[in-house]
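no letters, just coordinates:
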């Protein structure tokens, strides 16, 4: 298994933990925990999609990561 595939699995787990935790009411989708899990997870998934030239997934993951990063840096008031 190459390093990008390993990273993709870690990213997938992070995104799933964030989603499951938010869905069960354990964290808010605006919490730093949720946003960091989404940012890091989607960044890892985007890297893998970029390396394998899966452009739709690279764009989607990149957009998710950017939204999470923006929300971390500029939280809603």
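Everything's here; your move. All of these numbers come straight from a predicted model, not from anything done at the bench. Numbers count the residues shown, from 1 in each chain.

burial of the closest residue to residue 33 other than its chain neighbours, as a residue count?
Distance criterion C-beta to C-beta, 6 or more residues apart in numbering; nearest residue to residue 33, sequence neighbours excluded, is residue 27 at 5.3 Å. For glycine as for every other residue, the C-beta is placed from the backbone atoms N, C-alpha and C. Residues lying near residue 27 (other C-beta atoms under 10 Å) number 18.

tell me who's in contact with residue 27.
Neighbouring residues of residue 27 by C-beta atoms under 8 Å, 6 or more residues apart in numbering: 18, 21, 33, 34.

which ones among these lie within helices?
18, 21, 33, 34 (DSSP state H).

mark which of those are buried, thanks.
18, 21, 34 (16 or more other C-beta atoms under 10 Å).

which one of those is nearest residue 69?
For these, the closest approach to residue 69 (C-beta to C-beta) belongs to residue 34, at 13.0 Å.

that closest one contacts residue 28, correct?
Yes. If you go by C-beta atoms under 8 Å, residue 34 and residue 28 touch, sitting 6.5 Å apart.

about what we covered before: possible to save the contacts of residue 27 as a markdown table with distance to residue 63 and pLDDT?
As requested, those are exported to a markdown table (distance: C-beta to C-beta, whole Å; pLDDT from 0 to 100):
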| residue | distance to residue 63 | pLDDT |
| --- | --- | --- |
| 18 | 16 | 98 |
| 21 | 21 | 97 |
| 33 | 21 | 96 |
| 34 | 17 | 97 |
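
can I get the residues you listed in CSV with distance to residue 6?
Output for those, formatted as CSV (distance: C-beta to C-beta, whole Å):
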residue, distance to residue 6
18, 19
21, 23
33, 23
34, 23
